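Trainee: have a look at this prediction, sequence included:
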Amino acid sequence: MFSSDDMVNWTDHGSHMKATDFKWAKGGAWAAHTVEKTVNFFYTTVRHVAINGFAVNVAVSASPTGPIKDALAKALISNDMTTTTPTAP
């Protein structure tokens with residue numbers, strides 16, 4: 001997690017979330033994004049344990065630097081919810 005007030009100078013807050021923090025995910029997280037509202041929503045793509053494919057997870061936190069918890073205890077969107085995405089090799 002990095003933050004910046006001016007987009008020039010950055011502060012490293014360290015890693016505060018990994019794919020394996022989600023019991024239904026097996027790793028391989030990428031394309032993370034944070035949306036700040038009244039709480040902070042963290043979205044990322046991971047490999048799913050129970051299906052042969054990928055999933056989008058969502059986590060929440062009162063602070064952008066954590067602590068963070070799984071918002072749904074399941075995938076927000078998973079490969080088996082779509083009909084046009086091929087499964088992972």
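Mentor: Perfect, thanks for sending it. Numbering: from 1, shown residues only.
Trainee: confidence score at Val56?
Mentor: Model confidence at Val56, expressed as pLDDT, equals 91.
Trainee: my guess is it contacts Thr45. True?
Mentor: Yes - with contact defined as CB atoms under 8 Å, Val56 reaches Thr45; the gap is 5.6 Å. Yep, even glycine has a C-beta here, placed from its N, CA and C like the rest.
Trainee: who are the packing partners of the helix or strand bottoming out on mean pLDDT in the chain?
Mentor: Ranked by mean pLDDT, DSSP states H and E, the helix or strand of the chain with the weakest confidence is strand 25-36, at a mean of 80. Counting contacts by 3 or more CB pairs under 8 Å, 6 or more residues apart in numbering; DSSP states H and E, strand 25-36 is packed against strand 40-48.
Trainee: packing partners of the strand it packs on?
Mentor: Other helices and strands packing on strand 40-48, by 3+ CB pairs under 8 Å, 6+ apart, are strand 25-36, strand 54-61.
Trainee: angle of the last one against strand 25-36?
Mentor: By that I understand strand 54-61. Inter-element angle recorded for strand 54-61 and strand 25-36: 50 degrees (by axes from the mean of the first three to the mean of the last three CA atoms, to 10 degrees).
Trainee: quick check: buried residues in strand 54-61?
Mentor: Neighbour-count burial for strand 54-61 flags Phe54, Ala55, Val56, Asn57, Val58, Ala59, Ser61 (criterion: 16 or more other CB atoms under 10 Å).
Trainee: of those residues, closest to Pro67?
Mentor: Ser61 (6.3 Å; CB to CB).
Trainee: tell me the contacts of the closest one?
Mentor: Val39, Asn40, Phe42, Pro67, Ile68, Lys69 (CB atoms under 8 Å, 6 or more residues apart in numbering).
Trainee: that concludes my questions; thank you for your assistance.
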